[in-house]
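Visitor: Sequence and predicted structure below; questions after.
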Amino acid sequence: MLRFVLLFVLALPSYAAAAPCGNTSDGFDAWKQDFAKQAKRAGVKKKGLQALAQSQYATRTIAADRNQKSFKYSLDKFMQIRGADTIVAQGRKRKARNPQFYAALERQYGVPSGVLIAIHGMETGFGNFMGDSQVVSAITTLAYDCRRSEFFIPHAIGALKLVDQGSITTATKGAKHGELGHTQFLPGNALNYGVDATGDGWVDFYNMTDALASTANFLRQKGWKPGRGYQPGQPNFEVIQKWNAASVYQKSIAIMAARIDG
């Protein structure tokens, strides 16, 4: 009898199974219909589901995902092409112009000014360019694409929930991998760690105050230890590694942050 029950259960359709991925645009529309069921089960509501339905296959996102050369450079080359000296110089000026703002963030979250400023500068040139790709289309395309589907599916769900909450819309622009705002949060992280630091009732990642508070909150929640070092081998370097997986990026942030705070 037990064997019969097990066979019966195994024969049932798996409604929780993920929609099939694809490597071209051909199956994207069919995938969206399947993914909508998965998103609804995950708590996505009407606005988010509408955003999913309106999303389009992002060919530029796929091209960028296949061509991430900069993370393969040496540390010196990476810092040169990312303009580390300029980020440090501008970062020092920004800190000097608004020291109370950064000091307040450090008091609340324990993250030094230099780290937040270095991330802000590295990600968007201090908000000067926050991306030209539609966030929802980019992130759903990556969730559909077979290369890293499992990684991006939670972020696609996150983006749809951000639409539900009003933090983004279908028109919101971000980076080609769906990162958004001043510090280029992946949507799932934005959903989980976003902070309404301005107190206006919603988290706006295109507002510098909300974005930097959210970044500090992410780092603190990931294990940042106030007052401890953040260079390679020190406790908080492991937390920087959780922001971005590329070692040249991690080391660059640590170097620039120390120079900004020095």
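Guide: Cool, got the structure.
Visitor: show me the contacts for the residue minimising distance to the centre of the chain.
Guide: Nearest to the mean C-alpha position of the chain, counting by CA atoms, centre = their mean, stands Leu186 at 1.7 Å. Leu186 makes contact with 139, 155, 158, 177-179 under the criterion CB atoms under 8 Å, 6 or more residues apart in numbering. All C-beta atoms are positioned from the backbone trio N, CA, C, and that covers glycine.
Visitor: so what's the residue nearest to Ile260 when sequence neighbours are not counted scoring on pLDDT?
Guide: The shortest distance from Ile260 to any non-neighbouring residue, by CB to CB, 6 or more residues apart in numbering, is to Gly114 (3.8 Å). pLDDT recorded at Gly114 is 98.
Visitor: Touching, Gly114 and Ile253? I think so.
Guide: No: using CB atoms under 8 Å, Gly114 is not in contact with Ile253, being 9.1 Å away.
Visitor: in the stretch 51-200 of the chain, which spans are strands?
Guide: 133-134, 173-174 (DSSP state E, counting those that start in this stretch).
Visitor: circling back to that earlier point, near the residue nearest to Ile260, how many other residues are there?
Guide: 24 (other CB atoms under 10 Å).
Visitor: longest helix anywhere in this structure?
Guide: helix 149-165 (DSSP state H).
Visitor: gap between it and the chain center?
Guide: 10 Å (CA atoms, centre = their mean, to the nearest Å).
Visitor: Low-confidence ranges, the chain, go.
Guide: Applying pLDDT under 70 to the chain flags residues 1-19, 68-71.
Visitor: Would you map the helices across it?
Guide: 2-11, 28-41, 46-54, 59-65, 75-81, 84-97, 99-109, 113-124, 135-144, 149-165, 187-193, 208-221, 237-243, 247-261.
Visitor: tell me the angle the second one makes with helix 46-54.
Guide: In other words, helix 28-41. Angle of helix 28-41 versus helix 46-54, following axes from the mean of the first three to the mean of the last three CA atoms, to 10 degrees, is 170 degrees.
Visitor: what's in contact with helix 28-41?
Guide: By CB under 8 Å, 6+ apart, helix 28-41 touches 15-16, 18-22, 48-49, 52-53, 55, 57, 140-141, 143-144, 153, 156-157, 160.
Visitor: Looks like Gln54 contacts Thr169 (just checking).
Guide: No: under the criterion of CB under 8 Å, Gln54 is not in contact with Thr169, lying 10.1 Å apart.
Visitor: now the closest residue to Asp132 other than its chain neighbours: how far from Gly229?
Guide: Once flanking residues are discounted, Asp132 sits nearest to Lys173: 5.6 Å by CB to CB, 6+ apart. Separation of Lys173 from Gly229 (CB to CB, to the nearest Å): 36 Å.
Visitor: swap in Leu212?
Guide: 21 Å.
Visitor: which of those two has more neighbours?
Guide: For Leu212 versus Gly229, neighbours defined as other CB under 10 Å are more numerous around Leu212 (25 against 13).
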